[in-house]
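Asks: with the sequence up front, the predicted model follows.
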2 protein chains.
Amino acid sequence: MSQREIDLNGLRVAIVGATGMVGQEFVKILTQRNFPLKSLTLLASDRSAGKKVMFKGEEIEVKETSPDSFNDIDLALFSAGADISRHFSPIAAQKGVVVIDNSAAFRYEADVPLVVPEVNIEDAKNHKGIIANPNCSTIQMVTALYPLHKVNPIKRIVVSTYQAVSGTGSAAMEVLTAQAKTVLAGEPVTPHIYPHQIAFNLIPEIDVFFDTGYTKEEWKMLVETRKIMHAPAIALSATCVRVPVYIGHSEAVNVEFERPFPPTEARAILVQAPGVRVLDDPTVNLYPHPWMAAGTDETFVGRIREDSSHPGGLVMWIVADNVRKGAALNAVQIAEEMLKRGWLGG
Amino acid sequence: MSQREIDLNGLRVAIVGATGMVGQEFVKILTQRNFPLKSLTLLASDRSAGKKVMFKGEEIEVKETSPDSFNDIDLALFSAGADISRHFSPIAAQKGVVVIDNSAAFRYEADVPLVVPEVNIEDAKNHKGIIANPNCSTIQMVTALYPLHKVNPIKRIVVSTYQAVSGTGSAAMEVLTAQAKTVLAGEPVTPHIYPHQIAFNLIPEIDVFFDTGYTKEEWKMLVETRKIMHAPAIALSATCVRVPVYIGHSEAVNVEFERPFPPTEARAILVQAPGVRVLDDPTVNLYPHPWMAAGTDETFVGRIREDSSHPGGLVMWIVADNVRKGAALNAVQIAEEMLKRGWLGG
């Protein structure tokens, strides 16, 4: 199929995990961005099969994922957990489908590109059928930091995250609501999904613990940042914390560069950076916060200042919608950029 | 008065700002700790004068603060804001009262001791009538870090805070409740007290902004840490963030020392440290969080691990009740330690 034919006819797209939170966001984003579609197939577990999802005014029935689901598909967007990805992604890839996988199943394999379009879209060209979508907290951080790294290499990053419950899924959002109501009613909370109460509380544990004392979420930020930015020498320490926010991850980031980086220069670069919006004017209480970032596409950066503990270093505050830029949007953007370059559906 | 007489008769104590959140906590803590009292005078603004406060089963009438309020007082605990402290603390001190002031009014003056009992109680000896109680986020951090600093000097601290709304006062706690109810009812929130919605949101702004891009809260952590720990060379960068939590400040802290500090050694020191309780066992989801720290007296430390971005450095997670150890309790502990040493009421 030539580029012109794709433009006219679009791609045959499957969403795996279509009834989940990120799956639903995929459907929304394909509509909002008018993604060139020839067909849309919605796949999920047998539990969700038969459900109807609205897409551009039409009902689409969700089907159970099977090997045959990937016949006559050009692009499959996976967000159904690592086990489903591990099972079905290779099957789909073998049928010639390009898989963009939101799980952590393949992210760390050397021959699987891990892509943030604003940073390393070129990596997507050399895929072997599967392209991995990075972890939410990594995506927004590298989107904001890569433009700076390009002009003055980053040596070290210390990051503390403030991560919304939607990162866990829609059930966690319901748990936050239910627990908040319970607390406001003066009743005791029984923890569910999370090991401790999350309403009006914080939990400094995301994903499993490693022997190093770091969690897998914290480890991901190190390993994925190095891979996406092609910067294996970057040092990084993360503390990842779940906060009682529905949508929008926030990050306090201290960065050391090879040379001093004046905040005014960094701000000037970030104002021009793709996918980044600078909101940084203390005189009018302007800085990003998750409530304003929810539902948007940009990675917001504010509180840009010199690191008072490391002259020449920078501190900033990075916020993005973790369900969109941190998951569904980034995957769709990968597909869009590949289409533009003729790497998909050709 | 000899030490024996104090033990029998106690001190004549005044609480300035007695109807505020910290003022009320003073009353509670004096009862809980059976502080040796001869009399308790409750002072506030004319607006609150006439209110009745229960103390050990008796009603005490709140009186308007005036210069004469400090006649026949040994110890005045101030928590009524910097303006009230600036006006009345010198008057009280001149009458021979020992003032322990919870505001920022005098903290940075060279001849005013800034005291965390576990760190620098000796400084309290040389007071000139006024002793300053440090900022909440500083108190819990130095309580946890000083025992480590003593054996291996700290060079640099990077800290991100997660601060509860009670740090702003009781009205902010009511705002969090009201906004949470509004959000749960699906209605839009009109910000109040804070410049943005705080329910299910974060605000990376505490206290006023300086030209450096840091807030005063962030600056306080640097300046107060140096003063309390007698360590003027410590480098520190803080990002201070308000979170939708009622009580309990949390801090993600990366620390660099003169020599490598193995986590096992740090843990062994902290287990023995005064005022500190280590909660650190990932295998059973054990780490501190604000909901469990609220209402307690300890500074809790968990998630102790080697800094993956700086070998030999440490990362930890520090949580304490900001109204108690971060304010009222620390002030009462200063008085208790001074009494023990005969520096008060003698």
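Replies: Structure's in. What do you need?
Asks: so what's residue A:213 closest to, chain neighbours aside?
Replies: Using C-beta to C-beta, 6 or more residues apart in numbering or on different chains and skipping the chain neighbours, the partner closest in space to residue A:213 is residue B:305 (2.9 Å). Every residue, glycine included, has its C-beta placed from N, CA and C.
Asks: so who does that neighbour touch?
Replies: Residue B:305 sits next to A:212, A:213, A:214, B:263, B:314, B:315, B:316 when contact means C-beta atoms under 8 Å, 6 or more residues apart in numbering or on different chains.
Asks: quick one: pLDDT of the fifth one?
Replies: What it means is residue B:314. What the model reports for residue B:314 is a pLDDT of 98.
Asks: any idea how far residue A:235 is from it?
Replies: 15 Å (C-beta to C-beta, to the nearest Å).
Asks: between those two, which is the more surrounded one?
Replies: Taking other C-beta atoms under 10 Å in any protein chain shown, residue B:314 and residue A:235 do not tie; residue B:314 has more neighbours (26 against 17).
Asks: in what helix or strand does the residue in the stretch 101-250 of chain A that chain B sits nearest to lie?
Replies: Closest to chain B within the stretch 101-250 of chain A is residue A:213: 2.9 Å, counting by C-beta to the nearest C-beta. Using DSSP states H and E, residue A:213 maps to neither a helix nor a strand.
Asks: looking at this, residue A:171 is in a helix?
Replies: Yes - counting by DSSP: H, G, I helix; E, B strand; the rest coil, residue A:171 is located in a helix.
Asks: now it: how far from residue A:133?
Replies: Distance, residue A:171 to residue A:133, by C-beta to C-beta: 21 Å.
Asks: for these two, indicate the residue with more neighbours.
Replies: residue A:133 (28 against 12).
Asks: tell me the contacts of that one?
Replies: A:100, A:101, A:102, A:115, A:139, A:327, A:330, A:331, A:334.
Asks: ok, now with 6 Å
Replies: Residue A:133 makes contact with A:100, A:102, A:330, A:331 under the criterion C-beta atoms under 6 Å, 6 or more residues apart in numbering or on different chains.
Asks: residue A:19 too?
Replies: A:44, A:48, A:51, A:62.
Asks: ok, for it, nearest residue in space, not its chain neighbours?
Replies: In space, residue A:19 is closest to residue A:48, 4.2 Å off (C-beta to C-beta, 6+ apart).
Asks: surely that neighbour touches residue A:64?
Replies: No - look at residue A:48 against residue A:64 with C-beta atoms under 6 Å: they stay out of range, at 8.2 Å.
Asks: the two: which is more packed in?
Replies: residue A:48 (20 against 13).
Asks: helix/strand/coil for that one?
Replies: Residue A:48 - assigned by three-state DSSP - is coil.
Asks: what about residue A:323, how many residues nearby?
Replies: What residue A:323 shows, counting by other C-beta under 10 Å, is a neighbour count of 28.
Asks: kindly report the same for the one 4 residues further on.
Replies: For residue A:327, the count of nearby residues is 26 (other C-beta under 10 Å).
Asks: tell me the residues on chain A that lie near chain B, please.
Replies: Neighbours of chain B within chain A, by C-beta under 6 Å from any C-beta of the partner chain: A:156, A:158, A:160, A:162, A:180, A:195-197, A:200-202, A:204, A:209, A:213, A:235-237, A:239, A:243-246, A:250, A:252, A:254, A:282, A:285, A:287, A:289-291, A:303, A:305, A:307-309, A:315, A:317.
Asks: before we move on, the earlier item: find the pair from the contacts of residue A:19 with maximum spatial separation.
Replies: Taking C-beta to C-beta, the two most distant members of those are A:44 and A:51; they sit 7.4 Å apart.
Asks: between those two, what contacts are shared?
Replies: Listed as contacting both residue A:44 and residue A:51 by C-beta under 6 Å, 6+ apart are A:19, A:62.
Asks: neighbour count winner among the two?
Replies: residue A:44 (23 against 15).
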